[in-house]
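Q: here is a sequence together with a model predicted from it:
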Amino acid sequence: MTSQPFTVPALLLFFVAVPLVLGVIPRNRFYGVRTARTLSDDGLWYLANRLAGAAIMASSGVYGALEAIVPYDRLAPDGFSTWCIHLVGFVAPVVLSLVAALWYAKRL
């Protein structure tokens, strides 16, 4: 499992997102979706952070599926291209989900 290049970061993001989804993180300046609107309203804070947490957890799941479908073998001759696929498979869903969560939070 940890032989895949981004398994540990994906698992860390997944577990960091769980409290956001459960709604147990109060408004703060360090952890969660922090915009002027979410920091000014508890309802918006919890809604935006539940959405962002769910998106991050889904992103970790996307990477988990990718590592099962395209396993990385650092000794393989095409190892760098596979590593690049894993990099994109890890970064793209996380960035897209966070951009979507921030966009949604600003529209509330």
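A: Sure thing, it's come through.
Q: who's sitting farthest from the centroid in this structure?
A: Checked against the mean C-alpha position of the chain, the extreme residue using C-alpha atoms, centre = their mean is residue 77, at a distance of 30.0 Å.
Q: what's the pLDDT at residue 32?
A: On pLDDT, residue 32 comes in at 90.
Q: find the nearest non-adjacent residue to it, please.
A: Take residue 32 and drop its neighbours on the chain: the residue closest to it by C-beta to C-beta, 6 or more residues apart in numbering is residue 49, 4.6 Å away. Where you see a C-beta, it was placed from the backbone N, CA and C, and this is true even at glycine.
Q: and that neighbour, what element?
A: Element membership of residue 49, judged by DSSP states H and E, is helix 42-69.
Q: which neighbouring elements make contact with that helix?
A: Counting contacts by 3 or more C-beta pairs under 8 Å, 6 or more residues apart in numbering; DSSP states H and E, the secondary-structure elements packed against helix 42-69 are helix 7-22, helix 36-40, helix 79-107.
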